[in-house]
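S.K.: Model the structure of this input:
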Amino acid sequence: MRAAINKRRVSLRAELVRLGLRLLMKRRSGFGVGVADSRRRAASMQRLIPRPPFGTRFAMVDAGGVGAELVNVQASRADRHLLFLHGGGFVTGSPALYRHLTWRLAAAANARLLAVDYRLAPEHPFPAALDDAATAYRWLLDTNADPRQIAVIGDSAGGGLTLSLLLRMRDEGMPLPYAAVALSPCTDLALTGPSLAENAEADPMLRPEWLPRMVRHYLAGADPRQPWASPLYGDPAGLPPTLFQVGSDEILRDDATRMAAHMRAAGCRVEMEIWPRMPHVWHLFAAILPEARRAIAGIGEFLERSFSEPATTPAAARGDRRR
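M.R.: Numbers count the residues shown, from 1 in each chain. Now for the predicted structure:
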């Protein structure tokens, strides 16, 4: 497993973003805990999303009975697809809230992107979100998308959902996508990662005490070690090449590093990137953060390498490629 650590000097803008997150989010009592409050704040943030470049198109589609937003940029290839699963602790978030990221991912990969508007907890607990993700993936296959030109990408809760989707599709005998990307993923709903305590102070954005309520909303009594809920506890053998990107100070750092190590031990190709001092899913700050733009460019490079590999090479047998 390649556990690359970005060696570039942390930008002044990144330090200012860290400070702002600590003051405006982490220190605000109750932020990110109450579902109604989280959704109101998310809706208010949507008005601040920068406009995409000219030629970017967003269209709502019915993906087999699941709502989704189809994103096309000028560089999008009709035969290349990204399935995007947003974060938000399984209780908030939407494709519209992620438009400033999804068009960038589509451009980096020269692909069309389908952002799934999956059902949210607590109204729709596990496995509703996973069911919707699986339905949208099957819809892509039903529209003649070649799985060798499909990648699944998710951030935070959506990053864990990405890995759960891979396990489910493999278990059900479905053709797997050719690559996956997990950004600051939540892979262990039993909340056993050492970084939850080790980075409790260092993380500029999240508090570990916020997570148990999110887990209760999502699982509604289901086993937190069920692999389709917490992919860390599944057998990842045969899963496609996967890129992990996580910040060094995140409380969820070990959700990424442990999952990457688990996959590598099972013979999967894994690229693990730990970015110093980056906040949770710093990619969302691409409009102002050079580190976010570099990380997104790296995602595009990873996907281009994955899509360009020979179609006859089994996913689990591909060797680790180091940069």
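
S.K.: how about residue 273, secondary structure?
M.R.: strand (DSSP: H, G, I helix; E, B strand; the rest coil).

S.K.: same for the longest strand anywhere in the chain, what does it pack against?
M.R.: The single longest strand within the chain, with elements called by DSSP state E, is strand 77-85. Secondary-structure packing of strand 77-85 (3 or more CB pairs under 8 Å, 6 or more residues apart in numbering; DSSP states H and E): helix 99-109, strand 111-116, helix 128-142, strand 150-155, helix 157-171. Heads up, the C-betas are built off the backbone N, CA and C, glycines and all.

S.K.: Is it possible to get CSV of these that adds mean pLDDT?
M.R.: Below are these laid out as CSV (pLDDT from 0 to 100):
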stretch, mean pLDDT
helix 99-109, 97
strand 111-116, 98
helix 128-142, 98
strand 150-155, 98
helix 157-171, 98
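
S.K.: Now distance to residue 183 and mean neighbour count too, for the ones you listed, in TSV please.
M.R.: TSV is the format used below for the helices and strands packed on strand 77-85 (distance: least, CB to CB, whole Å; neighbours: other CB atoms under 10 Å):
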stretch	distance to residue 183	mean neighbour count
helix 99-109	9	24
strand 111-116	14	27
helix 128-142	16	20
strand 150-155	4	28
helix 157-171	5	25
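
S.K.: possible to save those as JSON lines with distance to residue 40?
M.R.: Formatted as JSON lines, these follow (distance: least, CB to CB, whole Å):
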{"stretch": "helix 99-109", "distance to residue 40": "19"}
{"stretch": "strand 111-116", "distance to residue 40": "21"}
{"stretch": "helix 128-142", "distance to residue 40": "21"}
{"stretch": "strand 150-155", "distance to residue 40": "21"}
{"stretch": "helix 157-171", "distance to residue 40": "19"}
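
S.K.: Quick one: closest of these to residue 39.
M.R.: Proximity to residue 39, assessed across the helices and strands packed on strand 77-85 by CB to CB, is greatest for helix 157-171 (14.3 Å).

S.K.: Off-centre distance for that closest one?
M.R.: With CA atoms, centre = their mean, to the nearest Å as the basis, helix 157-171 stands 10 Å off its chain's centre.
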